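Chemist: No letters, just coordinates:
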C-alpha cells in the first residue's frame, strides 16, 4: 500500500516528469500522429518495433528510457467499442497501482486524455477526470490489518496532467469521497469476532469524534422501551446484544432537504435456527454492509458540508442459533404494532429494518432510503453487477439510476406491484417474513413497504450482489467493496440542489 500524494499540472505548460509516465493513445486513424506527438513531448524516438506494438494494441507497451526521466513509459491503446464503459480508466488505474507496487517507482505521471472522444460515456469532464483519481485509491486498497508480515507503506507522488479547470478541487473532493469508501470497506472486511453490535458503535463514535456529527447509542433497555421487538428478536440468540445507532449531520447553513438513511447492521448472519450452509458463510461478516455504507455516507456529507440534513438509523444485531434464539413459527409485534410470523429466521434483516423504518416515519423527512444486503434473490436476478432499486417515486428512481451510471455503481429498478402482497400473507399474523422461492427480492421489499407511511418518500436498495467480492473489476476481486457510498453521495449532491 502507498501513501499517495496527488499533484497536478496544466498539460499545456512545461511538464515535470516522474519515474513512470503513462499516456493513452486513442485507437483511431490518427494513432501515428499521436505517437509522434508523444515522442516530441518526451524528447525520445521509439523503435519501429515499439511503434508496431502500440499500433496493434498489444496490451501495455512499456518503454525503458535510459537517458532521462521518465525512466519508464507506458503507452496504452484505448479502443472505444462495445466493451468500453465509464469504468475503463478507473479499473485500469487500479490495476496499474497494484502492478507497480513491487517496482522501484516513487513517482507517477498520468496524462489524462482529452474528454471529447469519451463524452458519450461520462456525465461531464469533471467525473471523467474523477474516475482516474478514484482508480488510484481503489488500486491502493488492501485489508491486511491482521497480517503479521504486512509491508510498510511506500510513498507515491502522482502527477496528473490535465487542462480541466478546478482540478485541485476535484482532487480534494475525491480524496474525501474515497476516504469514506475505505471506511465502509474496512468495516465490512473486519471479522465478526471484532465487529459486534457494540464494537461497531465504538468504531463509528471514534471515527466521528471531534466532528460536527451527533451520535446516540441505544442499548438493550432503550430498544425494549422503544418497543423495537423486530430488532430484539434478531439478536436474541447471541451473547452480543443488539444496539441501535442514531447519527445526525446538520449543515452549517440551513438544510435544503432532510434525508433518513437506514443501514442493515447484521454483524454476522448464521441464518439463526434456519442455519445457512457452511460454504462461504464467512462472507456473512459483511451482512452489515448497509450499516457501513450509510455511516460512510454521512461522514462524507459532513466533510463536504453538503446543504442537506442527514439522519442515519442503524439497527445492529448478530443472528445466531441458540436456546434463546427466535424460532420459525414465532410471532413478533413490531414498533409499529403490526405483527410478523417468522417463517424463516434467515430472513432476519427485514425484521430489524421494520423497526428502523417505523422510527423514520416520525422524522418528517423528504426521503427515507434503506440500504441492505437483504436477499440472495436479488443476486439471482441481477448478479454481482447491480443493486436492486425499489421505489414508488419515478423522479427519484431516475436520479438514482443516473447516479448509478455516473459512478458505475449500477442499480436496476424492480417492481413493487401489489400482486406480490399475497405471497407474504399469514394466517396467524399481519404478515410473514418470507414469500416463497420466487421473486424473493420483491417480496422482501413489499414486506418493508408495510412499515412506510408515505410510500412516495421511500427508497429501498438491495446491495446484496455488488457488496461482495467478485471478478467484475480489478478493485472488487478480493475484498468487500463499499458499494453504495459513491452512488449515494452522488445522488444526494444532486438531490439537495
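Modeler: Yep, that arrived. Treat the numbers as computed from the prediction; the structure is a model and nothing was measured.

Chemist: how many other residues sit next to residue 322?
Modeler: 12 (other Cβ atoms under 10 Å). For the C-beta atoms, the positions are set from N, CA and C on the backbone; glycine is no exception.

Chemist: Hmm, residue 237 and it touching each other?
Modeler: Yes - using Cβ atoms under 8 Å, residue 322 is in contact with residue 237, at 4.3 Å.

Chemist: Please name the residues that touch residue 349.
Modeler: When contacts are counted by Cβ atoms under 8 Å, 6 or more residues apart in numbering, residue 349 touches 234, 264, 266, 269, 287, 372-374.

Chemist: which residues touch residue 91?
Modeler: By Cβ under 8 Å, 6+ apart, the residues touching residue 91 are 135, 473-475.

Chemist: residue ranges for the strands of the stretch 301-450 of the chain, please.
Modeler: 308-319, 331-333, 339-341, 367-372, 387-391, 411-413, 431-432 (DSSP state E, counting those that start in this stretch).

Chemist: Indicate each strand paired with the first one and its parallel or antiparallel sense.
Modeler: Spelled out, it's strand 308-319. Strand 308-319 has its sheet partners listed here by DSSP bridges as strand 243-249 (antiparallel), strand 257-263 (parallel), strand 265-269 (parallel).

Chemist: With the fourth one instead?
Modeler: The sheet places strand 367-372 alongside strand 257-263 (parallel), strand 458-462 (parallel), with pairing taken from DSSP bridges.

Chemist: right, and the helix or strand after the last one?
Modeler: Translated: strand 458-462. helix 485-495 (DSSP states H and E).

Chemist: I'd like to know which elements that next one is packed against.
Modeler: Judged by 3 or more Cβ pairs under 8 Å, 6 or more residues apart in numbering; DSSP states H and E, the packing partners of helix 485-495 are helix 167-189, strand 257-263, helix 289-304, strand 308-319, strand 367-372, helix 394-407.

Chemist: Any buried residues in stretch 232-244, and which?
Modeler: Buried residues in stretch 232-244, counted by 16 or more other Cβ atoms under 10 Å: 232-238, 240-244.

Chemist: Then stretch 382-398?
Modeler: 382, 384, 386-391, 396-397.

Chemist: want to try JSON lines for those, with pLDDT as columns?
Modeler: Listed next are the buried residues of stretch 382-398 as JSON lines, based on pLDDT from 0 to 100:
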{"residue": "382", "pLDDT": "97"}
{"residue": "384", "pLDDT": "96"}
{"residue": "386", "pLDDT": "98"}
{"residue": "387", "pLDDT": "98"}
{"residue": "388", "pLDDT": "98"}
{"residue": "389", "pLDDT": "98"}
{"residue": "390", "pLDDT": "98"}
{"residue": "391", "pLDDT": "98"}
{"residue": "396", "pLDDT": "98"}
{"residue": "397", "pLDDT": "98"}
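
Chemist: Now for the residues you listed: which two are most distant?
Modeler: 384 and 396 (24.5 Å; Cβ to Cβ).

Chemist: Cross-check the contact I'm expecting between residue 168 and residue 9.
Modeler: No - the criterion here is Cβ under 8 Å, and residue 168 misses it with residue 9 at 11.2 Å.

Chemist: more neighbours, these two?
Modeler: Taking neighbours as other Cβ under 10 Å, residue 168 and residue 9 compare with residue 9 leading, 17 against 11.

Chemist: quick one: secondary structure of that one?
Modeler: The three-state assignment at residue 9 reads strand, by DSSP: H, G, I helix; E, B strand; the rest coil.

Chemist: Specify the beta-bridge partners of it.
Modeler: Residue 9 has these beta-bridge partners by DSSP bridges: residue 161.

Chemist: If I look at it, what pLDDT would I see?
Modeler: Note for residue 9: predicted pLDDT of 86.

Chemist: Could you check how far it is from residue 100?
Modeler: 20 Å (Cβ to Cβ, to the nearest Å).

Chemist: what's the answer for residue 293, then?
Modeler: As defined by Cβ to Cβ, residue 293 lies at a distance of 30 Å from residue 100.
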